[in-house]
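Enquirer: here's my sequence, what's the structure:
(one chain, ligands or ions: 1)
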Amino acid sequence: MILDLVNKNALVGGSTQGLGWATAVELALLGANVTLIARNEERLQTKVLQLPNSGNQVHNYIVADFSDYTQVESAVGKYLQSFPTFHILINNTGGPAGGTLLDASVESLQKAFSSHVICNQLLTQLLVPGMKTAGYGRIVNIISTSVKSPLEGLGVSNTIRAAVANWSKTLANELGPFGITINNVLPGSINTGRLDSIIRNKAQASGRTEDEIRDQMAKEIPARRIGKPEEFGAVAAFLCTPAASYINGINLPVDGGRLGCL
Ligand SMILES: NC(=O)c1ccc[n+]([C@@H]2O[C@H](COP(=O)([O-])OP(=O)(O)OC[C@H]3O[C@@H](n4cnc5c(N)ncnc54)[C@H](OP(=O)(O)O)[C@@H]3O)[C@@H](O)[C@H]2O)c1
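Expert: Numbers count the residues shown, from 1 in each chain. This is a model prediction of the structure:
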């Protein structure tokens, strides 16, 4: 089984912490040169130095805000002038704010569509020509199990995640002939800053403690625990390897078995 990503270049969105960071670390451990994207340059400078490096790997970062797709397009477009080929793209950014769908504003839906669908689309359009030339491409979208079963209190997120999943499935058909795969990894409850804020909001809304909410979440998972970021990152990175060449257009939950459907 070939898991080697030496001489492969990876662009990883939303990657100074959480799932993006965990995926970036696993890609670097497999030998890839990793370029991180996030908003906070100081944190990017720190994290890029913490990426595993066998000695010959070149890691870098791009500062861009996914809430402004023109900025993402121009920052990555400029970077590509001197770095034309990324073999791997991890589409990821912070999740939309919580709340019921009925209360959601037009602006919040537009903002989420822009950050998640439009940015994915622009990054894909920018990177696919290089992948085609290289004859190797792996696109992995970090979405959510809400693609398969909507989550309570995440109305905007549920709506937009489904759009990303169908966007991805459509591209799987279009890109398959070029040796490029595109797959979705669906995190359940994984221990990151995003999960902390969801737990905090649930605790405030219900009057229960954060520990009680966390314990309840764990009880609903067959594994009886919240996932570790590296358990997620390993799966996302595997989909980027030569070994995963015949996996295309799937939704892969990483949720300790929590989803109640197949
Ligand atoms: N963790 C879970 O259990 C879980 C479950 C289901 C779905 N998800 C989804 O998976 C994705 C990643 O979640 P996570 O838990 O890793 O989140 P996280 O811990 O909050 O990390 C988010 C990362 O994205 C960057 N980021 C946030 N907003 C950005 C923006 N506008 N532009 C560019 N970078 C941005 C952050 O860095 P900067 O602040 O420096 O920009 C950070 O590196 C989210 O869409 C989340 O909703 C997570």
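Enquirer: please count neighbours and contacts with C-alpha atoms only from this point.
Expert: Noted.
Enquirer: can you pull the contacts of Cys261?
Expert: Shown in contact with Cys261 (C-alpha atoms under 8 Å, 6 or more residues apart in numbering): Lys148, Ser149.
Enquirer: dihedrals phi and psi, it?
Expert: Torsion angles at Cys261 (phi, psi; degrees, to the nearest 10) stand at phi -120, psi 170.
Enquirer: give me the buried positions along the longest helix seen in the chain.
Expert: The longest helix of the chain (DSSP state H) is helix 155-175. Across helix 155-175, burial judged by 16 or more other C-alpha atoms under 10 Å covers 155-165, 168-169, 171-172, 175.
Enquirer: for that helix, output the C-alpha coordinates as CSV.
Expert: This file holds the C-alpha atoms of helix 155-175, laid out as CSV (Å, rounded to 0.1, in the frame of the first residue of the first chain):
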residue,chain,number,x,y,z
GLY,A,155,-29.8,25.3,10.7
VAL,A,156,-27.5,27.3,8.4
SER,A,157,-24.7,24.7,8.7
ASN,A,158,-27.0,21.8,7.8
THR,A,159,-28.2,23.7,4.7
ILE,A,160,-24.8,24.6,3.4
ARG,A,161,-23.1,21.3,4.2
ALA,A,162,-25.6,19.5,1.9
ALA,A,163,-24.8,22.0,-0.9
VAL,A,164,-21.0,21.3,-0.5
ALA,A,165,-21.6,17.6,-0.6
ASN,A,166,-23.6,17.8,-3.9
TRP,A,167,-21.1,20.2,-5.3
SER,A,168,-18.4,17.7,-4.5
LYS,A,169,-20.3,14.7,-6.0
THR,A,170,-20.8,16.6,-9.2
LEU,A,171,-17.1,17.4,-9.5
ALA,A,172,-16.2,13.7,-8.8
ASN,A,173,-17.9,12.8,-12.1
GLU,A,174,-16.1,15.7,-13.9
LEU,A,175,-12.6,15.1,-12.5
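Enquirer: helix or strand right after that helix?
Expert: For helix 155-175, the succeeding helix or strand toward the C-terminus, using DSSP states H and E, is strand 180-187.
Enquirer: give the buried residues for that following strand.
Expert: Ile180, Thr181, Ile182, Asn183, Asn184, Val185, Leu186, Pro187.
Enquirer: and what of stretch 247-262?
Expert: Buried-residue list, stretch 247-262, by 16+ other C-alpha under 10 Å: Asn248, Gly249, Asn251, Leu252, Pro253, Val254, Asp255, Gly256, Arg258, Leu259.
Enquirer: likewise stretch 193-210?
Expert: Arg194, Leu195, Ile198, Ile199, Arg200, Asn201, Lys202, Ala203, Glu210.
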